[in-house]
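[1] got a predicted structure here, sequence first:
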Amino acid sequence: MRIRVIAANWKMYKTPDQTRAFFREFLPLVAQHTRDEIVVCPSFLDLPAALESANGSNVAIGAQNVHWKEEGAFTGETSVKQLLAYDIHYVIIGHSERRQYFGETDDTVNLRLKTALEGGLTPICCVGEVLEEREAGATEDVLRRQCVRAFHAISVKKAAKLIIAYEPVWAIGTGKTATPEIAAEAHAVIRQEAGRIFGEEFAAHLRILYGGSVKPENASALMAQEEIDGALVGGASLDPKSFAAIVKY
Ligand code: PEP
């Protein structure tokens, strides 16, 4: 039995005041919700407001990235130690926007993932193919390659808290959702690859979230798939009512 995770990726949206306003409306809507883990990942500057607002609630706060060094001359980056100082335990790693616009590679994803796991964080590691790769029939190869590289030199023991998000790049922010069947097929490939690398028992417990234009209208069909262990939600997580509706799919 895998407990589902419904996570919000707020990207570069919201100010601290808007963050507080979101939680004022959102928390009462999900206060009774115990079925799934709920995580909100705001931008770094909104973390204090989010932590203060969600304190004592059933909503955890996560970050959108983490660097692999403990500290140093890495302008614009944030360390595991700095996140832990705020009591932040979830972190998104390798989001396609980081890969696409900020030079993130399979190798830097691996470094970030390894460090996050060693530091005791729960990483949500994103993988997914671009449209040309899907159209060329290369989805499976891409997912296997991304997994192999992301998991390189990570022991099964260290990987225990790992969460994967399958995010087909063509479905992010485009309104095009992968059908539940397409998503489940990709999840099965990822689970199989995780099984090959970390063993079957690990793979059976691994939580694989789907991300890409998840909305209140399509959440329940996606979650009806046994392979889908939750969602990583961008656009539709910015509105408290819409994100609450997804949480309660
Ligand atoms: C995301 O950025 O992780 C995402 C899934 O975005 P959206 O829900 O807007 O497609």
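    Yep, that arrived.
[2] the helix ranked longest in the chain vs the ligand: in contact?
    Using DSSP state H to define each element, the chain has its longest helix at helix 180-198. No: against the ligand, helix 180-198 shows no contacts by Cβ under 6 Å from any ligand atom, the least distance being 11.7 Å. Heads up, the C-betas are built off the backbone N, CA and C, glycines and all.
[3] identify all contacting residues around that helix.
    Here helix 180-198 makes contact (Cβ atoms under 8 Å, 6 or more residues apart in numbering) with 127-128, 139-140, 143-144, 147-148, 151, 156, 159, 164, 166, 168, 178, 202-204, 206, 208, 210, 221-222, 224-228.
[4] off-centre distance for the one helix or strand residue 110 maps to?
    Here residue 110, judged by DSSP states H and E, is contained in helix 106-118. Offset of helix 106-118 from its chain centre (Cα atoms, centre = their mean, to the nearest Å): 14 Å.
[5] name the helices or strands packed onto that helix?
    Helix 106-118 sits against helix 80-85, strand 90-93, strand 122-127, helix 139-150, with contacts defined as 3 or more Cβ pairs under 8 Å, 6 or more residues apart in numbering; DSSP states H and E.
[6] what number of residues lie near the closest residue to the ligand within the chain?
    Here the residue of the chain nearest the ligand is residue 234; by Cβ to the nearest ligand atom that distance is 2.2 Å. Applying other Cβ atoms under 10 Å, we find 20 residues neighbouring residue 234.
[7] any idea how far the residue located most distally from the centre of the chain is from residue 64?
    Relative to the centre of the chain, and counting by Cα atoms, centre = their mean, the farthest-placed residue is residue 73 at 27.0 Å. Between residue 73 and residue 64 the computed distance is 21 Å (Cβ to Cβ, to the nearest Å).
[8] the most centrally placed residue in the chain bridge partners, please.
    By Cα atoms, centre = their mean, the chain has its centre lying nearest to residue 124, at 3.9 Å. Following DSSP bridges, residue 124 is listed with bridge partners residue 92, residue 163.
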